[in-house]
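Enquirer: Requesting a structural model of the entry that follows:
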Amino acid sequence: MLDLSHVRQDYLNAALSEDDVDENPLAQFAQWFNEAQAAQVAEPNAMTLATVGTDGRPSARIVLIKEARADGVVWFTNYDSRKGQDLAANNHAALLFFWQPLERQVRIEGVVSRISDADSDEYYHSRPVNSRLGAWSSPQSEVIDSREVLASNLQSFVEKFGDAPPRPAHWGGYILKPTYFEFWQGRASRLHDRIAYQLNDGVWQIVRLAP
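Expert: Prediction:
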């Protein structure tokens, strides 16, 4: 039995007003992300990615954002992984950032697609060689007999490719094109500030939500 009813924290760091946020949610996200970096939040680029499989069941895991651009949020992974299979069946997904020292969350929902092969190639070849070889070596989300399988696979691909592995066809980038943003600022007495951006006919509408 784990009783956590006594664990609580009041949030007193800051406030968030709909009058102060940028009219562009990606610009607002960039501002908050830069503030998280300036505050030396550990791995501010870590985000929860939630997907839904063909069985209708949600699944979530931490991945790393690699780019926030005008048309959405980009990350890279194995297309054959569970998340890749989920996205192939249902391309709607949700992202969540939590920057605890700043008492902030950002939720982003939208539609996911693969980025271009050229963009995936460019990022893949910018990675350290061991990471590039790792993309070949791990049959992500599959059952394996032991860790030695990974070591054996890695050695095989080192022998095959040396320090110049090409990008595997099963590995590359995704972009989530947002339809919804929510910026959450912790406040006292659980009366948090929640400012949402809802996309209506191509225009972002800014609203306040009750906590």
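
Enquirer: Distance check, Q28 against I175.
Expert: From Q28 across to I175, the span is 19 Å (Cβ to Cβ, to the nearest Å). All C-beta atoms are positioned from the backbone trio N, CA, C, and that covers glycine.

Enquirer: do Y124 as well
Expert: Distance from Y124 to I175, by Cβ to Cβ: 16 Å.

Enquirer: next one: S137
Expert: Per Cβ to Cβ, S137 is found 26 Å from I175.

Enquirer: so which helix or strand takes in the residue of the chain positioned farthest from its centre?
Expert: Distance from the C-alpha centroid of the chain, by Cα atoms, centre = their mean, peaks at E159 (33.1 Å). Assigning secondary structure by DSSP states H and E places E159 in helix 147-161.

Enquirer: how many other residues sit next to R82?
Expert: 15 (other Cβ atoms under 10 Å).

Enquirer: what's the spacing between it and S131?
Expert: 20 Å.

Enquirer: and the residue nearest the centre of the chain, what does it touch?
Expert: Per Cα atoms, centre = their mean, the C-alpha nearest to the average position across the chain is that of M47, at 3.9 Å. Contact analysis of M47 by Cβ atoms under 8 Å, 6 or more residues apart in numbering lists 62-65, 73, 75, 95-97.
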